[in-house]
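J.: no letters, just coordinates:
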């Protein structure tokens, strides 16, 4: 997934991951625009220099205290290495044109997790093969909508919602149920979800693969799926215009 598509124009971004995909997450942000366009800020300079040297990469790795013209660079921060000092530095990163703050969620005190989410423009959660994107604006808007309306909309458009979520991240049914709840605070039962998955599979939009003991669903033809989603969005928009007279 392209980092620009993930974060858009947001300048202070939070990426939560876990021990299993921390290195992958950090590399994702450093290499997207070219390693020489970014600075990795960390307290573990020697560790990361050794890591990049083994991969044959040059990355500008610095401690947060080192003098640097931060405003001219894209900053990727290994915040988990800053220990208790991260709160002090978060205020600094917030003033920069672009900063991505990466945390290992395995080591975060749950008491400060809400605070971290609140001070960033956008957040990505990448844990156990689930990637969820949220923004401060979208979350605020969602909180202002009646929960019953959100639930009704999600379940009414479940085919499109599921298809869109599987576009970027293949998942099994149980992971989809978790992802739907995390994103919309809506519980979709297996009895509601699996018929929709089978319907999308029958229409040729999804394929399933067995991985260990799980049945993983993924989008088979992304271009076709985008066409379906676009037509559905246009239909919904037309209906609302007709109803409101706009």
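T.: It's in. Quantities reported herein were computed from a predicted structural model and do not represent experimental measurements.
J.: need the next SSE after the lowest-mean-pLDDT helix or strand in the chain, C-terminal direction.
T.: Least confident element among the helices and strands of the chain, by mean pLDDT, DSSP states H and E: helix 3-7 (a mean of 45). Stepping forward along the backbone from helix 3-7, the first helix or strand reached (DSSP states H and E) is strand 12-17.
J.: show me where this protein has its helices.
T.: For the chain, helices defined by DSSP state H occupy the ranges 3-7, 22-32, 45-54, 86-93, 110-119, 136-143, 147-156, 158-168, 173-184, 190-202, 222-244.
J.: which residue ranges make up each domain of the protein?
T.: In terms of domains, the chain is parsed into 3-140, 147-244 (source: automatic domain parsing).
J.: weakest of these by average pLDDT?
T.: Across the domains of the chain, the stretch with the lowest average pLDDT is domain 3-140; it has a mean of 77.
J.: name the residues that touch stretch 197-205?
T.: Residues from elsewhere that reach stretch 197-205, judged by Cβ atoms under 8 Å, 6 or more residues apart in numbering: 159, 162-163, 173, 176, 206-208, 217, 219-221, 224-225, 228. No exception for glycine: its C-beta is placed from N, CA and C like everyone else's.
J.: please repeat the previous calculation with a cut-off of 6 Å.
T.: Residues from elsewhere that reach stretch 197-205 (Cβ atoms under 6 Å, 6 or more residues apart in numbering): 206, 217, 225.
J.: so which of those is the closest to residue 38?
T.: Residue 38 lies nearest to residue 225 out of these, by Cβ to Cβ, at 32.1 Å.
J.: now that closest one. Nearest residue, chain neighbours left out?
T.: residue 219 (4.9 Å; Cβ to Cβ, 6 or more residues apart in numbering).
J.: tally of neighbours for residue 123?
T.: For residue 123, the count of nearby residues is 21 (other Cβ atoms under 10 Å).
J.: quick one: it and residue 188, what's the gap?
T.: For residue 123, the distance to residue 188 equals 22 Å [Cβ to Cβ, to the nearest Å].
J.: okay, the helices of the chain in CSV with distance to residue 79 next?
T.: Converted to CSV, the helices of the chain look like this (distance: least, Cβ to Cβ, whole Å):
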stretch, distance to residue 79
helix 3-7, 16
helix 22-32, 11
helix 45-54, 13
helix 86-93, 5
helix 110-119, 9
helix 136-143, 18
helix 147-156, 31
helix 158-168, 24
helix 173-184, 21
helix 190-202, 35
helix 222-244, 33
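J.: quick revisit: so what's the residue nearest to residue 225 bridging to?
T.: residue 206 (DSSP bridges).
J.: repeat for residue 77
T.: residue 41, residue 101.
J.: wait, doesn't it sit right on residue 39?
T.: No. With contact defined as Cβ atoms under 6 Å, residue 77 does not count as touching residue 39 (9.1 Å).
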